[in-house]
Structure formats: C-alpha cells, structure tokens
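S.K.: Could you work out the structure for the sequence below:
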Amino acid sequence: MTTNSKWWQNAVFYQIYPRSFKDSNGDGIGDIRGIREKIPYLKELGIDAVWLNPIYSSPNNDYGYDISDYQSIHPDYGTREEFEEMLREFHSQGMKVIMDLVVNHTSTEHSWFQSSREDPEGPYGDYYIWRDGKASGPPNNWNSFFGGSAWKYDPLRSQYYLHLFDEHQADLNWANTRVRNEVYRIMNWWTSLGIDGFRMDVINMISKDTSFPEDTRVLDPLVVKGTPYFVNGPKLHSYLREMRQKALSGDSEIFGVGECPGAEFDDVLQLSGYDREELDAVFQMDLMEIDHGKGGKWDIRPWSASDFLLRLSRWQQGLDGRAWPANFFANHDQPRPVSRFGNDGEYHYESASMLAVLLLSLTGTPFIYYGEEIGMPNADYLDISDYRDVDTLNFYHYEREKGKTEEELMNKIRYMSRDNARSPMQWTGDEYGGFSQQNPWIPLGRRYKEINVAHDRSGGPSIFAEYQKLISLRKNCPALSHGRFVPLKSEQQVVGFKKLQPEFQPEGDYLIYANMSKERVNVDLSELLSFPPDTAAVELVYSNYKNNQWEKKLKNRKQDLRPYEAYIVRILGDSDKELH
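M.R.: Okay, the predicted model is just below:
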C-alpha cells in the first residue's frame, strides 16, 4: 500500500460476468448467490475489489447492456435483498464493489423509450435521438458497431431512432438536461445502497454532433462509419464534469472508470487527467487493437512482442504523473489472453503465468477477468449455433450473405468472438463444470475438463498460485504498482522494462522481462541491466519456471530464455543512474 493515494490505486480488481460465474439455483444461469458463495475464493486470491457486469432488468438482447429498468435486479440474478446481502459480505471481507453504468443507451423496452415513441410531445419525447429520414432512407450513413445502419425506423412515431449498437439499444439524448439528471439520480441511488463506484460503458459516446453529418471518408467495408461524429463528441467533457459534481463527489471515494473505445492519448488525458475532475481512469483500447487490421476487430492481423511493449510503454510513460492507468489484458468483449497473447496448448501454464507477470507489474490499477487466474482459454466453439453474442451472430450472417465461406468466418469467430470470454467459469471437470447442475445458458468451453479451478489447485503447477504470489508481491512492492516505467530494448519476442521505486519507497528498482514466444531466445542480461551483471547486486524475486538456474545464468551474463519464461529481478546496486 502507498500513502496519499485513492483506494482504487492500491487495489487489484476482479471482473465478474455474473451470468457465467456461478449458478446457485440450478437454472443454468449465474446469479448473485453464486457470486456470494465464491467470495472466500476471491479473498484467497488476494482481490481487493470486484466489477460486476450488468445485473439490471433487461430483455437480454445484449445480455444486460440493454437495460429496461436501472433500479431493479433481473430475476435471473436474484433480488435486491440478495444483492444487498452480497454487498455487505464483500464489504465485511474488505472488498469493494463497482457496477456497470450503461447510459449511452437503454433497451427499447425501457418505459422511457416506449413513452418516447408513443408520445413525441410528451415528457419523454426527447429522451432519445429521433430524426426524419431522407430520400426514403435513414438520416445519414452512420453504422452500428453490430453491423448495418445505426438508424431504425419506428412506424409508430414515423421517425428513425439512433442505435450505435443493437437495434434494441436506443441511444439516449444527452443534450436533454432531464436525461442527464435522471442518470445522476440513478447513480446516487446506487451509491446510497453502498456500492463503491461505476465502470461506465462506452461513456465517450454520449455526446453526438447534432448536425448528424454524412461520413464521407473512404473506408474498409468492415469499418464503422460516423465515428468522428459520435466518439469523443463536442460536449463530452462538460457532461462528465457535471456528472462528477452531481454523482461522483461527496465525502465517500466513489470510483469512476470509463470504457472509451477510440480514445487517443490526448483524449485520455482530457478525460482522466488529475486536474480534469472528470473520470478517475480510462479503459483505452490500444492494446486490444494490436491484432486489428484496417477493417477493425474481424480483420485479424499478426502482432509482435515489440509492438506489445510499444503499446504498454505509450500509456505507462505518457500518463506518468498526469493520469492514472487502468490495465487489463481481458474483459467480456475480448478473446481470452492466454489464447490471444500466449499459447493455450503446450505452454498453457507458462504463458498464462508470464502474462500475469506483465499485467501485475504495470503501474496503475490491474483488472483480472474471471478465469484469467486459471488460464481459461477461448471457448472455441465449433458451430455457430453455440454462440449467443449479437455482435458475433450479426457478423456471421452479414458476411455469409456477402458470400464468405463458413470456414473463413468460423476461424475468425473462434479467435475474436466476445463469447470466447463469456463461457461459464470452469470450477471443476465434472458435468457442467461445477458451474451449474444443468446445461448452462451458453456451452462450457471445450477444454473445461482439463482446465478448471479444481485441477489447477490439485497439487501440480498452479496458475492460481502464481497469481496469488504476484498479487502479494505487488502489494508489498510500490515499484510494481506505482513506480516509473522504463522500457528496455525489445529483442526478438522478449518484452523488457524497468520499474523504478517511487521516491517515498527507495528500496531498489526492478527489472521485468518475458519471452512472449514458444521459441528459446538468447538475451544478453548486461544489455538489459545497463551494467555488468557479474558485478551487480541483484536478487531474483520471481520466476515462472521453478528450475531457473538463476545464479548460473547471472554469472554467464547470457540467458537462454525458455518458452514464455518471465522474471522479476530486484536491482540492489549499481543501478542505472541515468534513469533517475
């Protein structure tokens, strides 16, 4: 722990997708009681706070990101009383809870939307973005992120409404003061129940260019049109400052972290800079786009360790002293990191633990996604009928209509689909994976019998145990959680960086380096340390290989890094003074 910092700056978060975490009543759907049952598991791991994906009332066209009532719990998950019991239990164990805030849009089944379409002149008539069409078509050529036009015609109102995502997710009109005040009222209602903050879904899309211009750029067919006019829009910062004043201030420390797709470096500084009074941190998507081509996420491209390090460095160095980073390698919208950045086959344990080293050595707040602590791989479903994600299904059907082959599309989907990260938590190798007593709402990942909590903790090499060690190390080593980040020369598939101790804790600097490939890589340790290692005072703090022969390697200077091998080394003497 460090002094003079907010609680979230010292916390390790765990993200829970409630529908897929633990089913307590045997209906095949994860629920609040299931989460509560696993609080001791999270405590043992070393977690300080959890982020819950949406549990509000919803028709589930986008599984909770289409909210029909912000102040009620979906019956699939339980009751408000059960939620409050769970919240008290988390707090009694010293853990915080933040919830998803989805206020760019609501479900079209929300009473606001129904009133808006039925009575355009009524109190809710201007709660959404309605426009007349032109030339017998939509108001402009903007696209939905889930495919097709971003506009849907409503015959009852005889107008089009904007939906940047699924057609059942209508965008709220944040230019309407009443809409904004309703959002702040809802936020205050939840914090009055005792929650500790919000993760804000696509929060940088709440402000639109209200002239709704055409997007005249020449783009890849898969690229979404219109983004310059609804991402980081003209009144975004004034809306967020107002939100800070009306819903995120007061005596308690309410954490507000925003998901901001398309946010560049300057945008993040404006959104979360220490002097801005807007967001506390931002989930930017730079690293998540490392394998995206010009056509976006479905245009999959190779990536390199040097690019991986470059993207880490850009944010670790650029935000240093100016804004607080939110770090993650996975979430409910992304492939599983061990399948994406590691090797989920022959080197499953090694690559999963290597990624844990990198994530937990970064300055900022780390977010671990459920199952990441056991190296859950992509669900890797074989048939399109196994998928539930509206984005995946839309992509598949649109591209099939264009003549793309089943094999080509399924290869992309098995790699990139959001459902890769939404399969049920793999607790055991028993039928239904220890998640439920019946077939779950979405199939278990295909490898659940060999990769699960019980097997991981059965006495052999344990990824869970490595996460425990690294979380504990991070909490006792301010250089890892708060220190200055200095990238080192990227050699082949090796990622290396130094973490310099903060001034308030001068206990020596740290060297972190990892082989991100299945090939052996020879590294000259003296180049990484910037001084002769045979005269240096160094200490091996962590290795994900047990037979590491550290002393021999140090004496010989050269290290033959094995596949996905990772080290944390404490530098006790002769440190690189130029870096201080």
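S.K.: From the rest of the structure, what touches stretch 169-184?
M.R.: Taking CB atoms under 8 Å, 6 or more residues apart in numbering as the criterion, the residues outside stretch 169-184 that touch it are 61-62, 65-66, 103-108, 113, 123, 126-129, 161-164, 206-208, 210, 235, 239, 242-243, 246-247. The way it works is simple: take the backbone N, C-alpha and C, and place the C-beta from them, glycine included.
S.K.: excluding its backbone neighbours, what's nearest the residue most central in space within the chain?
M.R.: Nearest to the geometric centre of the chain sits residue 331, at 3.7 Å (CA atoms, centre = their mean). Beyond its immediate neighbours in the sequence, the residue positioned closest to residue 331 (CB to CB, 6 or more residues apart in numbering) is residue 369, lying 5.5 Å away.
S.K.: repeat for residue 443
M.R.: Closest residue to residue 443 in three dimensions, ignoring its sequence neighbours and counting by CB to CB, 6+ apart: residue 386, at 5.0 Å.
S.K.: give the contact list for that neighbour.
M.R.: Residues 379, 419, 442, 443 are the ones in contact with residue 386 under the rule CB under 8 Å, 6+ apart.
S.K.: I'd like the residues you listed as a markdown table, with pLDDT appended.
M.R.: Formatted as a markdown table, the contacts of residue 386 follow (pLDDT from 0 to 100):
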| residue | pLDDT |
| --- | --- |
| 379 | 97 |
| 419 | 97 |
| 442 | 98 |
| 443 | 97 |
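S.K.: Show me the two of those that sit farthest apart.
M.R.: Of all pairs drawn from the contacts of residue 386, the one with the longest distance (CB to CB) is 419 and 443, at 9.2 Å.
S.K.: Looking at those two, which one has more neighbours?
M.R.: residue 419 (25 against 20; other CB atoms under 10 Å).
S.K.: Regarding the more buried one, what is its secondary structure?
M.R.: Reduced to three states with DSSP: H, G, I helix; E, B strand; the rest coil, the structure at residue 419 is helix.
S.K.: Test my guess that it contacts residue 378.
M.R.: No. Here residue 419 lies out of contact with residue 378, judged by CB atoms under 8 Å, at a distance of 9.1 Å.
S.K.: rewinding a little: buried ones among the contacts of stretch 169-184?
M.R.: Applying 16 or more other CB atoms under 10 Å to the contacts of stretch 169-184, the neighbour count classes 61-62, 65-66, 103-108, 113, 126-129, 161-164, 206-208, 239, 242-243, 247 as buried.
S.K.: And the pLDDT for the residue nearest to the centre of the chain?
M.R.: In the prediction, the pLDDT value recorded for residue 331 is 98.
S.K.: which SSE is it in?
M.R.: For residue 331, there is no helix or strand it lies in under DSSP states H and E.
S.K.: So what does it look like in phi/psi?
M.R.: The phi and psi values for residue 331, taken as degrees, to the nearest 10, are phi -160, psi -170.
S.K.: pLDDT on the lengthiest helix in the chain, on average?
M.R.: Ordering each helix of the chain by length in residues (DSSP state H) puts helix 177-192 first. Taken as a whole, helix 177-192 carries a mean pLDDT of 98.
S.K.: how far does it sit from the chain's center?
M.R.: Relative to the mean C-alpha coordinate of its chain, helix 177-192 is positioned 24 Å out (CA atoms, centre = their mean, to the nearest Å).
S.K.: quick one on the thing from earlier: isn't the residue nearest to the centre of the chain right up against residue 420?
M.R.: No. Here residue 331 does not reach residue 420: they are 11.4 Å apart, not a contact under CB under 8 Å.
S.K.: show me where the stretch 451-580 of the chain has helices.
M.R.: If DSSP state H, counting those that start in this stretch is used as the criterion, the helices of the stretch 451-580 of the chain fall at 453-456, 463-475, 478-482, 525-529, 550-556.
S.K.: The stretch 51-200 of the chain too?
M.R.: Along the stretch 51-200 of the chain, the segments classed as helices by DSSP H, counting those that start in this stretch run 80-92, 111-118, 177-192.
S.K.: Now do the second one: everything it contacts.
M.R.: Surrounding helix 111-118, the residues in contact under the criterion CB under 8 Å, 6+ apart are 68-69, 106-108, 122-128, 130, 154, 156-157, 161, 170.
S.K.: Using the record's domain definitions, break this structure down for me.
M.R.: Using automatic domain parsing, the domains assigned to the chain come out as 7-103+195-203+230-378+422-467, 482-579.
S.K.: which of those domains sits most buried?
M.R.: The highest average neighbour count among the domains of the chain, using mean count of other CB atoms under 10 Å, belongs to domain 7-103+195-203+230-378+422-467 at a mean of 20.
S.K.: Please state the offset of that domain from the chain centre?
M.R.: Relative to its parent chain, domain 7-103+195-203+230-378+422-467 has a centroid offset of 5 Å by CA atoms, centre = their mean.
S.K.: helix or strand for residue 353, which one?
M.R.: helix 348-359.
S.K.: Residue 366 belongs to a strand, doesn't it?
M.R.: Yes. Residue state for residue 366 (three-state DSSP) corresponds to a strand.
S.K.: so what's residue 105 up against?
M.R.: Residues in contact with residue 105, defined by CB under 8 Å, 6+ apart, are 66, 163, 164, 165, 169, 170, 171, 172.
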